[in-house]
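Here's a sequence, model it:
(chains A and B)
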Amino acid sequence: MPSTAFMADVILAPWLVIVPLVGALLAGLWPATARWWGLLTALATLVLALLLALQVHGQGPVVLALGGWSPPLGIALVADGLASLMVLMTAGVGLAISLYALGYLGGTARGRWFWMLWLWLWAAMNALYLSGDVFNLYVTLELVVLASVALVALAGGAAPLAAAMRYLLVSLLGSMAYLMGVVLLYGAYGTLDLQGLGAQVTLSAAPMMAAVLMTVGLLVKSALFPLHVWLPPAHGSAPAPVSAALSALVVKVSFYLILRLWLMVFPELTLPGLDLLMGGLAAAAVLWGGVMALRVSRLKQVVAYSTVAQVGYLFLLFPLLWAAPGGWQAVVFFAVAHGVAKAAVFLAAGTLQQAAGHDRLAELGAVMRGRLKTSFALGIAGASLVGLPLTGGFIAKWLLVQSALEAHLWGWAVVVLGGGLLAGAYVFRLLGPAFEPGPGDRGRPLPAIMEWVPLSLALLTIALGFAGTPALALLARTLVGGGG
Amino acid sequence: MDMGAHVLLLILLSSLLPGVAIFFLREEQFVLRTALNLGGALLKFLLIIGLLVGVYRDGKTYSLSVNLLPGIDLVLAADALSLLFATLSAVLWLVTTIYAIGYLEDSPNRSRFFGFFSLCVSATVGIAFSGNLITLLIFYEILTLATWPLVVHRGTPESFRAGRIYLAYTLIGGAVLLGAVVWLTLLAGSEPFVVGGYLQDLAADHGTALMVIFAMLMAGFGVKAALLPLHSWLPRAMVAPAPVSALLHAVAVVKAGAFGIVRVLNDVYGVELAADLGVALPLLLLAVLTIIYGSVRAVFADDLKQRLAFSTVSQVSYIILGAALAGPIGAVGGLVHLVHQGIMKITLFFCAGNFAETLGIHRVDEMRGVGRRMPWTMTAFTLAALGMIGIPPLAGFISKWYLGLGALEADMAWVTGVLVVSSLLNALYFLPPILRGWFSRREGPWPDERHGGRWLETHWMLLLPTVTVAAMALGMGLLASLAISPLYWVTFIVEFEYGYDHIWSAIFEWETP
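Prediction:
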């Protein structure tokens, strides 16, 4: 294709960091026009992310040595299938969050801070996805955490502030563990480059220790059961666009990092019992998150516990990674499908909350009947969370079950299917109030965009239902280390 | 992609798009909503008739596929069997839409109701036109999603309870089904439905796996088909409005399950492989048990809709029985019952709805003397109920006749005994309401009389569909030998399926060994 040949020479990866960073700067400098800078940045980043995905799809992984120094001396940006898919997902959801925030925050004072922090977060996430060495990954991870903590605190008031502080402390603890792992690796092999490490790491004490430290540190940030307790208050009390960004995107960041490490650096370290331990925690998360989502009484809390449950699925990665060849790709597709669907659900929840003035589930019926578009967004994206057909969630569930069965891991297939049932129970619980008798009520007036954005994202989950083949083709262009 | 493939897409969209549009109409936009409803229903009907003519005259099958995952496509295909089910859905949707417009007059949330109603029919037609097992699974699950809002439509605590039970059964069934389909796809790939099945080569190495998968598939489809012991959601779902019950029982939900079982048996496993694996006989026994159990429960149900619901549990298993007999004549009996039961059962539900809406009658013992007050509805009820019992020349007789012959052909004469017992039980629960309705006298006022029309016994939009479907039930029996009858079409399907020149030659072979 001529377009691919033309694209081959274009350097895209750095721009995916520079553009949102400049956007953040401009939004900080001119707070009055911050939202327009935000929108412009979001659009530009989405276009860049699409081009990058096309480029990687066309010609394979792109490794770029910054400043002309190749690793281990210089810093490399690595855009492969996995990275470009995550960047693309972030950009798609990011644009939706930005559009929604236009309506949600308008030109308020709180809004001005939002734009700077949000674009900063976006830049940090892109930088993390495109980083090729473990130290840069650490730095970008810290940036992501600081930006998201500030965003949680943006809601104002005592409860969000307490949640933000708790989130910060937990994250710092995780970061410390991760950093110690980095130090261990550097001490043992004298390099920080992912590919370089992957070529050298063998089954021995130092990398094993490093793997444990780094993985545990990241687990805290990913909120895998039983390290999840910080998540529901933080995600549940933040402003809606922030909740969406945290649940859909930020949780995926630390998961991505774990996946990246185990794909490129530690694939040789088949620690005995690791798959069972992580799989057990994953199953417990699916169960606990699902049960809690059935018990709590506020809409946003239900959605936050749903994230706890869905994070569980992500960590089925460990049982699947070595046993099933396509297993990790199934998990990544799940992460993407969850990202889009969860953003849609959180944004829809935000709209209902703003319209009703509260988010007590039992009293939302009238507003749900009055705001049909939002209720449909909740329903369709909820169907994707359950894994019902013609949504991305269905394809993800199919791939997970297929990988598990292929490797004769019947138990994990049952976990996936059973978790879907729990999700079904809490999603239909969310929709229940809409069917109570009585007239509809649109509640407080809201900008129309706050209804259209969740609906568009929900329709995107349906589009994802047909995106399985291209997404897997893109993921096939991922750098993996070791013998694999 | 040829013309036919586009027509398939149009058939799906003819109810999907109006459905989506209807959601966003205001309650008082009656004319536009009715136009969308009836326009979509008529268009779908005409398109399916067009396709039907094409398949019959040119012997063509049409298909359309969209890629989902590497090696896995979403396939829509029109063959003779899918058109049987699709035609049934289209016809009954048309009449039920008219009925529902009359039934729900002035009740709240009509736009929501008709929106989901249309989605439900789109899913049913999708099931009919599914060209492989994955597509069938997809539409089958969408059907769950589209019918739940109809079950809970009234919004009362009972309807929410019924909705919860419905979801629990169908979602668990769906999860089991998904597991089975993924497993089967891993073993055999995603093959299109093909006459005689596509698993023969796997039987040697994966016999046990195929048996387990078969059991899982039957459990998954059996939930909606209300196969014992997965039936108990169905009687509870009776809290839904009458048109919903009618559609659920006649085409949408229970038939989707039965149709899935027929598809798996004929076009995935093939009857021969199913018999070789020894899975056909347990299915047959389960169907027989369900037939008897449903009938017995119906005898003891006092609520009219409950009685009809248990009758459905029983009657739908006739279809499964016919398929599990694993012979051509039994297959004719089972498939033709798919249509006949649909028409007769929808008649009965329309009648029950008319009684409840017009006079407030919900229980069998309240039906005394209703024949004088509502002769048209009572005539329709009588025709359909006698048909269910299997009295010639009504439609149910044709089904039972072929099922009986099929049992003899399969050397299972005892099954005819089951049919006789079931017919007696049918008589036991359908004759009392008929006798009370015609021959008892009413003392005192009706429980809740509403429509006191001068010329008609009830609203014309309730009466017209009822009389229409009753006439169809009569016609399908009387005119069974004509080329437009369901029996003729089913014979055409089965001849194709079993490769016989003519179905009568099969009977002939059986008679002279």
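
For the rest of this, base every contact and every neighbour count on C-alpha atoms.
Noted.

Show me which residues of the stretch 101-250 of chain B sit near chain A.
B:138-139, B:141-142, B:149, B:152-156, B:171-172, B:175-176, B:178-179, B:182-183, B:186 (C-alpha under 8 Å from any C-alpha of the partner chain).

repeat that with 7 Å
B:138, B:141-142, B:152-155, B:171-172, B:175, B:182-183 (C-alpha under 7 Å from any C-alpha of the partner chain).

likewise chain B?
Counting by C-alpha under 7 Å from any C-alpha, chain B sits next to chain A at B:68-70, B:138, B:141-142, B:152-155, B:171-172, B:175, B:182-183.

what do you get if the cut-off is 6 Å, keeping everything else the same?
Counting by C-alpha under 6 Å from any C-alpha of the partner chain, the residues of chain B lying close to chain A are B:68-70, B:138, B:155, B:175, B:182.

Verify the contact between residue B:449 and residue B:361 for me.
No: assessed by C-alpha atoms under 6 Å, residue B:449 is found out of contact with residue B:361, at 9.0 Å.

What are the boundaries of the strands in chain A?
A:62-66, A:75-79 (DSSP state E).

Contacts made by the last one with the rest, please.
The contact list for strand A:75-79, computed with C-alpha atoms under 6 Å, 6 or more residues apart in numbering or on different chains, reads A:61-66, A:130-132.

any idea of the pLDDT on the residue of the stretch 301-450 of chain B found nearest chain A?
Per C-alpha to the nearest C-alpha, the residue of the stretch 301-450 of chain B with the smallest distance to chain A is residue B:357, at 19.8 Å. Note for residue B:357: predicted pLDDT of 82.

Could you pick out the longest helix of chain A?
helix A:158-189 (DSSP state H).

pLDDT wise, what is residue 268 at?
All of this refers to chain A. pLDDT, residue A:268: 82.

Hmm, no, I was thinking of chain B.
The model's pLDDT for residue B:268 equals 91.

what kind of secondary structure is the residue lying closest to it once chain neighbours are set aside in?
Counting by C-alpha to C-alpha, 6 or more residues apart in numbering or on different chains, residue B:268 lies nearest to residue B:197, which is 4.1 Å off, once chain neighbours are set aside. Three-state assignment for residue B:197 (DSSP: H, G, I helix; E, B strand; the rest coil): coil.

Could you check which of residue B:449 and residue B:361 has the larger neighbour count?
Taking neighbours as other C-alpha atoms under 10 Å in any protein chain shown, residue B:449 and residue B:361 compare with residue B:361 leading, 23 against 14.

about what we covered before: tell me which residues in the longest helix of chain A are buried?
The neighbour-count check on helix A:158-189 (16 or more other C-alpha atoms under 10 Å in any protein chain shown) flags A:160-161, A:163-168, A:170-182, A:184-186 as buried.

what does stretch A:453-469 give?
Quick answer for stretch A:453-469 (16+ other C-alpha under 10 Å): A:453-455, A:457-462, A:464-469.

Likewise for stretch A:441-455?
A:441-443, A:449-455.

Also stretch B:193-202?
B:193-199.

Show me which of the residues you listed is closest to residue A:35.
Nearest to residue A:35 among the buried residues of stretch B:193-202 is residue B:193, at 54.1 Å by C-alpha to C-alpha.

Residue B:265 is in contact with the closest one, correct?
No: using C-alpha under 6 Å, residue B:193 is not in contact with residue B:265, being 10.6 Å away.

nearest spatial neighbour of residue A:203, skipping sequence neighbours?
residue A:269 (5.5 Å).

secondary structure class for residue B:447?
Three-state assignment for residue B:447 (three-state DSSP): coil.

The one 10 residues further on too?
Applying three-state DSSP to residue B:457 yields a three-state assignment of coil.

okay, now it: neighbour count?
Count around residue B:457 with other C-alpha under 10 Å applied: 19.

A strand includes the residue of the stretch 301-450 of chain B closest to chain A, no?
No: with three-state DSSP as the criterion, residue B:357 is located in helix rather than a strand.

So it versus residue B:297, what's the distance?
25 Å (C-alpha to C-alpha, to the nearest Å).

out of those two, which sits in the more crowded spot?
residue B:357 (21 against 18).

Count residues in the vicinity of the residue nearest to the more buried one when sequence neighbours are not counted, would you?
Distances taken as C-alpha to C-alpha, 6+ apart place residue B:450 nearest to residue B:357, at 7.1 Å, with adjacent residues excluded. Using other C-alpha under 10 Å, residue B:450 has 13 other residues around it.

Are we agreed that residue B:450 is in a strand?
No: assignment of residue B:450 by three-state DSSP gives coil, placing it outside any strand.

That one is in contact with residue B:358, isn't it?
Yes: the criterion here is C-alpha under 6 Å, and residue B:450 meets it with residue B:358 at 5.2 Å.

Residue ranges in the chain under the pLDDT threshold?
You didn't say which chain, so I picked chain A. A:1-9, A:67-74, A:107, A:482-484 (pLDDT under 70).

oops, I was thinking of chain B
B:1-4, B:59-60, B:451-455, B:497-513.

ok, 50 please
B:1, B:504-513 (pLDDT under 50).

In three-state terms, how would the closest residue to residue B:472 other than its chain neighbours be classified?
Leaving aside its chain neighbours, residue B:472 sits nearest to residue B:343 (7.2 Å; criterion: C-alpha to C-alpha, 6+ apart). Assigned by three-state DSSP, the conformation of residue B:343 is helix.
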